[in-house]
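Asks: Test case, fold it:
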Amino acid sequence: MVIYRTDCFNESGINPFTNNEYDDSWVIFILTDSTDYKQTVGAKSSCAYTVKTSRVLCDNWRVSVGDFISFHEAVGKNIILVMTQKELEAVKSYYGNHKYNDAYLRENEPVILIHSTPMSNWLKIKDDCMLKSFNLLNSNKTDIVHPIGRSLGDPADFSDYIMFGTGITGELVVSSKQQGKIVMDPNAEYLTGARLYFDARKMAQDGLIIRDGCHIKVKDKLPLSPYLIWTATWENIGLPSPISTPSAFAELADEVFRSNFTA
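Replies: Here you go, the predicted model:
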């Protein structure tokens with residue numbers, strides 16, 4: 001495992017440090033001055049999986065870089081950091097003794113984490129009494145349909161994890177799965193599923209939360225008890241039909257959750 005730092009970087013299929021093509025052992029973190037996003041991910045021009053983070057819009061970019069390094073060192077990845085030496089030194093100083101799997105919630109982290117899933121999956125999750133990663137669910141299958149994130153260049157080992165978030169992100173994933181392509185339109189109609197609300201503090205205290213510099217996730221599986229607080233469906237939030245939009249479903253579900261489960 002190696003770490004390279006460079007001030008400038010060109011996204012292409014050839015690694016400038018090895019002069020060979022990339023494989024899944026390489027990951028890249030680029031600090032940008034973009035005002036279009038806080039963070040974005042992908043694999044452009046046959047480059048390795050890349051996390052781009054705006055130093056302009058992302059106040060916690062130092063922590064993101066620190067988590068990126070900490071996590072990918074732990075799993076044995078080769079890392080390319082595109083930032084100045086001064087910025088890397090600032091990251092090390094700011095990050096201090098933190099680790100990617102700190103067993104507590106940090107000040108800026110959400111106390112509630114959300115995982116969205118199609119209704120057919122939710123029925124299986126209830127039967128299993130746990131969430132399982134894509135790879136764990138499909139470990140004995142030969143006719144596997146890859147997760148939608150593969151089209152963004154997600155590495156194969158992403159499927160070892162269950163992803164969590166906030167806002168409408170999870171609903172966009174469900175919508176994209178149904179369309180068979182990446183759909184970022186929050187107002188595109190889709191078939192709603194289940195929106196699961198988890199106690200992030202308990203998850204962190206039990207050492208389950210993993211931070212990779214861009215995502216909050218759990219390895220392999222997560223029991224519903226004692227972490228699941230509530231599950232939103234179209235019926236229990238008062239929608240007239242299971243057809244909605246990611247924006248409408250997420251906003252109404254969050255409103256009902258706040259009304260019933262927060263002071």
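
Asks: Just confirm residue 93 is within a helix.
Replies: Yes - the assignment for residue 93, made by DSSP: H, G, I helix; E, B strand; the rest coil, places it in a helix.

Asks: residues contacting it?
Replies: With contacts defined as C-beta atoms under 8 Å, 6 or more residues apart in numbering, residue 93 has no neighbours. Any C-beta I mention is one placed from the backbone N, CA and C, and that applies to glycine too.

Asks: Relative to residue 62, how far out is it?
Replies: 8 Å (C-beta to C-beta, to the nearest Å).

Asks: how near is the nearest residue to residue 209 once chain neighbours are set aside to residue 78?
Replies: Excluding its sequence neighbours, the residue lying closest to residue 209 (C-beta to C-beta, 6 or more residues apart in numbering) is residue 203, at 5.1 Å. Using C-beta to C-beta, residue 203 is found at 29 Å from residue 78.

Asks: Over to residue 135?
Replies: For residue 135, the distance to residue 78 - C-beta to C-beta - is 22 Å.

Asks: more crowded one of these two?
Replies: residue 78 (19 against 16; other C-beta atoms under 10 Å).

Asks: wait, isn't that one in contact with residue 22?
Replies: No - using C-beta atoms under 8 Å, residue 78 is not in contact with residue 22, being 9.2 Å away.

Asks: Which strands and helices lie in contact with the top helix by length along the chain?
Replies: Counting by DSSP state H, the longest helix found in the chain is helix 246-261. Packing partners of helix 246-261 (3 or more C-beta pairs under 8 Å, 6 or more residues apart in numbering; DSSP states H and E): helix 169-179, strand 194-199, strand 228-232.

Asks: starting at the chain centroid, how far to the last one?
Replies: Which is strand 228-232. Relative to its parent chain, strand 228-232 has a centroid offset of 19 Å by C-alpha atoms, centre = their mean, to the nearest Å.

Asks: Give the next helix or strand downstream of that strand.
Replies: Remark: after strand 228-232, the chain's next helix or strand is strand 243-244, criterion DSSP states H and E.

Asks: and that next one, what other elements does it pack with?
Replies: strand 190-191.

Asks: tell me the mean pLDDT over the strand it packs on?
Replies: On average, the pLDDT along strand 190-191 is 96.

Asks: which residues are in contact with that strand?
Replies: Outside strand 190-191, the residues touching it (C-beta under 8 Å, 6+ apart) are 118-119, 171, 174-175, 178-179, 183, 242-246.

Asks: Same question for stretch 107-124.
Replies: 59-60, 63, 105, 125, 131, 162-166, 170-171, 173-174, 177-178, 191-201, 203-204, 216, 229, 231, 233, 242, 257.

Asks: which residue ranges form the strands in the stretch 1-150 of the chain?
Replies: 3-6, 26-32, 39-42, 49-54, 78-82, 112-117, 130-132 (DSSP state E, counting those that start in this stretch).

Asks: nearest to residue 262, of these?
Replies: strand 112-117 (8.5 Å; C-beta to C-beta).
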